[in-house]
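Engineer: Show me the folded form of this:
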Amino acid sequence: MPQNSRRLVDSEHVLLLKGMLMLAVIGFAFFGAWRYGLLDRVWREDLTGISVGITLVFLIAAGHGSVCLVRLSGALNHLAAVQRRVAADGGPGARALPDGCVSRYIRDLHTKAALSGPRTIDQGLLLESFESELKQGHLFGWFVADLLLSLGLLGTVIGFIAMLGPISGLDAGDQSAIKAALGAMSGGMAVALYTTLTGLIGGMLLKIQGFILDGAVDELVRRTTRLTEVHVLPRIERMQAHATV
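Structural biologist: Residues are numbered from 1 along each chain as shown. Below is the predicted model of the structure:
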């Protein structure tokens, strides 16, 4: 087997393995936090419930990102299959390629060439549309990552308000009132710290997932562009030249 084809075979499922590794790390961290009572402590001492909300939103966004990751992993595997077919057959027709997003893009190129006539084919707009289609759902993950950070900051503000509220109008000579105020201040500090902690952790993990997904899209677009520029477009232009003769 040629060295280039071997590299294409070895690159299959790499994205999926990266996603599974990340999910395994997240699952291990959640299990450890639950095992040692950290989750229960955070949820119990955060009286606002913001930490619970952050956790639930994070799990939903992480699941959505995992679905996008599986979709992109399949697209990368399909691209590798198309590249192998092109390398083996010297550039087969669009109908001979395995079905998938890259094959549909190549068919769109053939259709555009057939409708445009004997003109130079510019695939810039098609590539932008192809990239936008691949990035469907990614903006949701980035939005949720920023949302979790904002919720963490909101919890910080609420916690400081709850912490400083009991001090106003406090009688320095009333020992029982001072003890009650100190208890309320510790509760407000717990809200501020725990919501900030959960928001930061959730936001960072979602940003890492988004970085992996965007990197996969960039790789797909880059390899598809090279494939079409080197193998597909020259073949289309050669067919157009023969048709005009």
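Engineer: ends of stretch 32-47, how far apart?
Structural biologist: 23 Å (C-alpha to C-alpha, to the nearest Å).
Engineer: Okay, buried residues for that stretch please.
Structural biologist: Neighbour counts using 16 or more other C-beta atoms under 10 Å place Leu39, Val42, Asp46 of stretch 32-47 among the buried residues. Where you see a C-beta, it was placed from the backbone N, CA and C, and this is true even at glycine.
Engineer: Give me the residues contacting it.
Structural biologist: Applying C-beta atoms under 8 Å, 6 or more residues apart in numbering, the set of residues contacting stretch 32-47 from outside is Phe30, Ser51, Val52, Thr55, Gly155, Gly187, Ala190, Val191, Tyr194, Thr195, Leu197, Thr198.
Engineer: can you give me the offset of that stretch from its chain's centre?
Structural biologist: Stretch 32-47 has its C-alpha centroid displaced from the chain centroid by 27 Å (C-alpha atoms, centre = their mean, to the nearest Å).
Engineer: State the mean pLDDT of that stretch.
Structural biologist: What stretch 32-47 shows for mean pLDDT is 80.
Engineer: for stretch 13-23, same thing?
Structural biologist: Stretch 13-23 carries an average pLDDT of 78.
Engineer: which residues of the protein fall in helices?
Structural biologist: Remark: helices assigned in the chain by DSSP state H are 3-10, 14-35, 38-45, 50-89, 101-116, 124-134, 138-164, 175-227, 233-244.
Engineer: ok, of those helices, where does mean pLDDT dip lowest?
Structural biologist: Ranked by mean pLDDT, the helices of the chain bottom out at helix 3-10, which scores a mean of 44.
Engineer: Relative to Thr228, which of the contacts of stretch 32-47 is nearest.
Structural biologist: Phe30 (42.9 Å; C-beta to C-beta).
Engineer: In contact with Leu17, which residues?
Structural biologist: Counting by C-beta under 8 Å, 6+ apart, Leu17 has no contacts.
Engineer: ok, 10 Å please
Structural biologist: With C-beta atoms under 10 Å, 6 or more residues apart in numbering as the criterion, the residues that contact Leu17 are Ser73.
Engineer: Now do it against Ala96, distance only.
Structural biologist: To Ala96, Leu17 is 30 Å away according to C-beta to C-beta, to the nearest Å.
Engineer: returning to what we had before: kindly present the contacts of stretch 32-47 as CSV, with separate columns for neighbour count and distance to Leu109.
Structural biologist: CSV is the format used below for the contacts of stretch 32-47 (neighbours: other C-beta atoms under 10 Å; distance: C-beta to C-beta, whole Å):
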residue, neighbour count, distance to Leu109
Phe30, 14, 45
Ser51, 27, 50
Val52, 14, 50
Thr55, 18, 46
Gly155, 26, 51
Gly187, 17, 63
Ala190, 20, 59
Val191, 26, 56
Tyr194, 25, 53
Thr195, 27, 50
Leu197, 17, 50
Thr198, 25, 47
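Engineer: okay, among those residues, which ones form the most distant pair?
Structural biologist: Most distant of these, by C-beta to C-beta, are Phe30 and Gly187, 25.1 Å apart.
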